[in-house]
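Engineer: What shape does this take:
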Amino acid sequence: MSRLISFFTESGKVLISPDELFYLKSQSRDYNGILSAIFYSAFLGLIIGLLTGEPLVIVFLIIGAIIVTLLFKVIQAIFIYIFSRILGGKGSYRSTLNLISYSSVLDVFLILGLALTSINNMVIMPLILLVIPWRMVINITAVNTEFEIGFGKSFLATYGILLLILTVIVGLL
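Structural biologist: Reported below is the predicted structural model:
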């Protein structure tokens, strides 16, 4: 019971004080961030599946949400790790993956928005517009805590260099 309470307490700290939580997690080296990504993506898949009303679809959406989330986090952590090391950081890949996985806690707002779509379909849009920048801030904070390179370089390592590469690729097409 204590671990369950600790899990949800950490989820709350991601929303309230991510820098404090990430500092503690970078010292302890546990994998609760990855567990939270699995839990919240499964729950999000469950809610989306319940909206469809088909039991088989629910199972596929839960499994699919977990796989897609973990795959995305692994790829994102690879890029962040490489770019952060290039920018002079000294963090580890495992800890980077764990810390950026905590941003999945924000799926709670998407779950709430999906649950409220029965009242009004447009309620999900403001929540998506809230979650996207908040997730970016949490990921940048995680990178800054792990690699200790400052928020500017953390932004570059997390999103800036990838956006620059995509801009160049789109410009060439």
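Engineer: Neighbours of the closest residue to Met136 other than its chain neighbours, how many?
Structural biologist: Using Cβ to Cβ, 6 or more residues apart in numbering and skipping residues adjacent in sequence, the residue nearest Met136 is Tyr159, 6.5 Å away. The C-beta positions use only the backbone N, C-alpha and C, and glycine is treated the same way. By other Cβ atoms under 10 Å, 18 other residues sit near Tyr159.
Engineer: Make residue 1 into 53 and carry on from there
Structural biologist: Shifting the count to begin at 53 puts that one at Tyr211.
Engineer: Pull up the gap between Tyr211 and Met53, please.
Structural biologist: Going from Tyr211 to Met53 by Cβ to Cβ, to the nearest Å gives 38 Å.
Engineer: what do you get for Ile86?
Structural biologist: Computed as Cβ to Cβ, the Ile86 to Met53 distance reads 21 Å.
Engineer: got the buried residues for stretch 163-172?
Structural biologist: By neighbour count with 16 or more other Cβ atoms under 10 Å, stretch 163-172 contains the buried residues 163, 165-166.
Engineer: Was I right to think Leu179 contacts Val160?
Structural biologist: No. With contact defined as Cβ atoms under 8 Å, Leu179 does not reach Val160; the gap is 10.0 Å.
Engineer: and the nearest residue to Leu96 once chain neighbours are set aside, what does it touch?
Structural biologist: Leaving aside its chain neighbours, Leu96 sits nearest to Asp159 (4.8 Å; criterion: Cβ to Cβ, 6+ apart). Listed by Cβ atoms under 8 Å, 6 or more residues apart in numbering, the contact set of Asp159 reads 92-93, 95-96, 183.
Engineer: and the residues you listed, which two are the farthest apart?
Structural biologist: The distance between the two most remote of the contacts of Asp159 (Cβ to Cβ) is 14.7 Å, for Phe95 and Val183.
Engineer: tell me which element the residue nearest to Leu96 is part of?
Structural biologist: If you go by DSSP states H and E, Asp159 is part of helix 159-168.
Engineer: Can you give me the distance of Gly223 to Leu214?
Structural biologist: As for Gly223, its distance to Leu214 is 15 Å (criterion: Cβ to Cβ).
Engineer: orientation of the longest helix along the chain relative to helix 159-168 in degrees?
Structural biologist: Looking across the chain with DSSP state H, the single longest helix is helix 107-138. Orientation of helix 107-138 against helix 159-168 (axes from the mean of the first three to the mean of the last three Cα atoms, to 10 degrees) gives an angle of 150 degrees.
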